[in-house]
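Chemist: okay, here's the prediction I keep looking at, along with the sequence it came from:
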Amino acid sequence: MSIPTSSPKSVRIDAWLWAVRAYKTRSAATAACRAGHVRLNGNPAKASQAVVPGDTLRVRQPGFERILEVRQLIAKRVGAEAASHCYTDHTPERPPTPSLGIPQRDRGTGRPTKKDRRELERLRGLRG
């Protein structure tokens with residue numbers, strides 16, 4: 001599916017975020033705007049505000065924040081590849097998550113002894 005050639009003159013923020021697949025449903029996009037998780041050009045955005053090409057949206061999602069620049073307006077949801085042409089993603093790359101390095105017990109060695117359990121708790125920070 002391709003992007004329609006006739007772009008609308010204005011599109012609501014919640015509809016645009018849903019159309020470009022930033023949120024799974026339009027009601028989720030509306031709720032994010034109400035909760036203050038969406039900023040339009042640095043200011044908190046209401047769901048009914050209109051976006052125009054060139055606007056910058058900061059969208060807070062669980063664990064990270066996306067920075068999207070509006071390139072094209074769409075009001076209907078399209079495929080992921082077509083939707084990616086409607087914005088420029090300026091989100092910085094996320095740092096890799098550090099591994100805790102928790103040791104694994106060999107299979108078949110039985111239950112941990114008291115000594116093993118104490119060492120595991122010390123590694124996990126549960127005991128001093």
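Modeler: Perfect, thanks for sending it. Residues are numbered from 1 along each chain as shown.

Chemist: quick one: low-confidence parts of the chain?
Modeler: By pLDDT under 70, the low-scoring segments of the chain are 1-7, 97-103, 127-128.

Chemist: can you show me the helices along it?
Modeler: For the chain, the helices defined by DSSP state H cover 13-19, 26-34, 80-83, 114-124.

Chemist: what does the second one rub up against?
Modeler: Residues from elsewhere that reach helix 26-34, judged by C-beta atoms under 8 Å, 6 or more residues apart in numbering: 13-15, 17-18, 22-23, 38, 45-47, 59-60. Just so you know, the C-beta spots here come from the backbone N, C-alpha and C atoms, and that holds for glycine as well.

Chemist: kindly recompute the last result at 6 Å.
Modeler: Residues outside helix 26-34 that contact it (C-beta atoms under 6 Å, 6 or more residues apart in numbering): Asp14, Leu17, Trp18, Tyr23, Val38, Ala45, Ala47.

Chemist: just the buried members of those?
Modeler: The neighbour count (16 or more other C-beta atoms under 10 Å) marks Asp14, Leu17, Trp18, Tyr23, Val38, Ala45, Ala47 as buried among the contacts of helix 26-34.
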